[in-house]
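In: Provide a 3D model corresponding to the input given below.
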Amino acid sequence: MNQNRSKGFIRPLQPLQGLKRAMDTGLIFIMLYAALRVSALPLTTEYLALFIVCTVLYGIFAEQHEIYYGWRGDPMFDVAMRILMSWVLAFAIVISCLFMFDFGFAFSKEVLEIWLPLTSLGIISLHTIRRLIMSHMHALGINVRTYAVLGANKLGQRLDHAISEMPWLGYKCVGFFDDRYENSERCQDIHNPDRVIGGFKDLLEQAQLGNIDHIYVTLPLRAEKRVNQLINELADSTVSVNIVPDFFTFNLMHSKLSSVKGIPVVSVFDTPLNSALDGFYKRFEDLLLCAIILPLIAIPMAIIGAAVRLTSPGPAIFKQKRYGVNGEEIEVWKFRSMTVTENGATVTQATVNDRRVTRLGGILRRTSLDELPQFINVLQGRMSVVGPRPHAIAHNEFYRKQIQGYMLRHKMKPGITGLAQINGCRGETDTIEKMQMRIHYDLEYIRHWSVFLDLKLVFLTIFKGFVSEQAY
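Out: Purely as a prediction, here's the structure:
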C-alpha cells in the first residue's frame, strides 16, 4: 500500500463534534468571566451554577438545531441564526426562572446584559473563524481526505456537488468509477462522462493501493446483488465504504434515518414538526405574531364586520369546514364576501364577474381582508400564520384524486399566508396545472420549513401577499 501520502487527522463527525462543544463551553465561561471583570465582580459559586445551567440548556438547543453537524452544509448565516436562537432560548429560560423564583441571590443586571450578546457574538465568531481556517487549510492540501464515487449517475453527481460545497470538511474527489465506462453501448447513459476515470477494477486497484480514503456507492436500489458483490471485493482493502441509497426516486419529505433495535428505518414522508421543540417554536411564533397583529387589525375588523352586515343580508362571519393538520376537519372563519354560504359536498369556486360576490366582498377578496378573522383561528390552534392555505373539503376530495402527493400538504397546519401565495398562486384554480403549481409550493414550504422562512414569508406578504388580480 501507498505509505507516502499524508493522511491528516480528519474523522467524520463525532470527535470534531466533541471538540466544538468543548470549545463553545470554554468560550461561554470566558465570556461570563469577562462580564464579571468588566463589572468588577468576583466569580462566585452562584455564577458558576448559572454558567452550568445555561451551558447545559444551550447544549440541548444546539443539538436540536444540529449546530455541530458539519455535513448539513448550511451557509454560515443560517448556522449563526441557529446559534443565536439556541443561546437566547437557553438564556431566556434561566432568566424567567430567576424572575419567578427566589433563589436567595441577586445576579448583577449589568453582568447579564453583557454576557448575553457577548456570548452569542463570540460563539458565532468562533464557528466562522473555524470554518474559514479549515477551508484555507484544505485548500493548501493540509489534512485532506480523498473519496471516489462508484456510479456515474444523477445521485452520484448530486452527492459530489454537495460535498464540494463544504470545503471546510476537507474532502477531495478522485473521480467517478462506473463499469459502463468500458461498454460503448452503455457509455452514453453515463452522466458527466468526462469525470469517469475507470471501472470497478480500477477503483479496487486504487483502494488496495491506499490512494482512496472513502468510496460512495450510488448504484440504484435494483442493483442489490451487484452492490453486494462489489462490497465483498472492496473488503480486500482498508477503504471506508459508504452506501448512498437512491431514495430520491421517492418524493421525499423530511426523511430521517432512525433505528428500531438496530434495524435501520428511513421515513419517506414526515412532518418538520416531529419534535416537541419544533412544535413549540411554531406555536410560539404564531402566538407572538398574533399578539403583534391582532391589536393592529382589531378596529379594521370591527369596521369590516359592520360593513358586511349593513351592505348585504347574512352573517358577518362565514364559517366553512376545511381540512387541517393530518387531514382533521376544522372550521375556518372569513368575512362573508358572497350572497351564499356554501359548506357542503359541492363548493363552486369564485370566477370572474361572479354574481354571488357582493360589491364589498369583491374588494375584500382582492385585498385578502376577508381572511383577517383567521387570526382568531390561529389563536384557537386550528391554523398557523404561515402554512399551506386550507381548501374546502369538497375541493380536497376532488384534487387528492387528481394530483399525486396532494394530501401531504396537510403535514402542517394550514396558514393565512404561505409560499404559494407569495408566488402568485391565488384565486381560482380553473385548471389542474394551477392547482399543481400551488401544491408544488406548499410541499416546498414543508420541506424547507424553519422559523426564519416563516418570518421571511410574513415580511414578503406585506408587499406581495395581499392584493391580487387573480382573487375574484
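
In: drop to CA atoms for contacts and neighbour counts, all remaining ones
Out: Noted.

In: Can you list the neighbours in contact with the helix or strand that Ala207 is a member of?
Out: Per DSSP states H and E, Ala207 falls inside helix 200-208. For helix 200-208, contacts defined as C-alpha atoms under 8 Å, 6 or more residues apart in numbering pick out 1, 150, 177-179, 212-213, 230, 233-234, 236-239.

In: For those residues, pick the one with the most neighbours.
Out: Within the contacts of helix 200-208, Leu150 tops the neighbour count with 27 neighbours, counted by other C-alpha atoms under 10 Å.

In: Would you mind confirming that that residue makes contact with Phe176?
Out: Yes - between Leu150 and Phe176 a contact is recorded at 6.0 Å, counting by C-alpha atoms under 8 Å.

In: how is this protein carved up into domains?
Out: Under automatic domain parsing, the residue ranges defining each domain of the chain are 14-139, 145-247, 276-464.

In: still on that earlier bit, could you give the average pLDDT over the helix holding Ala207?
Out: Average pLDDT, helix 200-208: 88.

In: List phi and psi for the nearest residue to Thr417 once chain neighbours are set aside.
Out: Excluding the flanking residues, the one nearest Thr417 by C-alpha to C-alpha, 6 or more residues apart in numbering is Val386, at 5.1 Å. When quoted as degrees, to the nearest 10, the phi and psi of Val386 stand at phi -120, psi 130.

In: I'd say Val386 and Lys456 touch.
Out: No - with contact defined as C-alpha under 8 Å, Val386 does not reach Lys456; the gap is 10.1 Å.

In: neighbour count winner among those two?
Out: Taking neighbours as other C-alpha under 10 Å, Val386 and Lys456 compare with Val386 leading, 25 against 12.

In: all strands for the stretch 51-200 of the chain, in order.
Out: Using DSSP state E, counting those that start in this stretch, the strands of the stretch 51-200 of the chain run over residues 145-150, 171-177, 196-198.

In: Show the secondary-structure elements that the second one is packed against.
Out: The elements that strand 171-177 packs onto, with contact taken as 3 or more C-alpha pairs under 8 Å, 6 or more residues apart in numbering; DSSP states H and E, are strand 145-150, helix 154-164, strand 196-198, helix 200-208.

In: you'd agree Arg322 is in a strand?
Out: Yes - checked against DSSP: H, G, I helix; E, B strand; the rest coil, Arg322 lies within a strand.

In: Which pLDDT value does the model give it?
Out: For Arg322, the model assigns a pLDDT of 89.

In: Likewise for Cys187?
Out: Listed pLDDT for Cys187 reads 54.

In: what does Leu48 give?
Out: You'll see Leu48 listed with a pLDDT of 93.

In: what packs against the strand or helix carrying it?
Out: Assigned by DSSP H and E, Leu48 belongs to helix 45-64. Secondary-structure packing of helix 45-64 (3+ C-alpha pairs under 8 Å, 6+ apart): helix 14-38, helix 76-100.

In: Pull the number of nearby residues for the nearest residue to Ile317 once chain neighbours are set aside.
Out: Of all residues not flanking Ile317 in the chain, Phe335 sits nearest, at 4.6 Å (C-alpha to C-alpha, 6+ apart). Burial of Phe335 is recorded as 25 neighbouring residues (other C-alpha under 10 Å).

In: Now do the contacts for Phe335.
Out: So Phe335 contacts 304-305, 308, 316-318, 369-373 (C-alpha under 8 Å, 6+ apart).

In: Show me those that map onto helices.
Out: Using DSSP state H, 304-305, 308 are the members of those that sit in helices.
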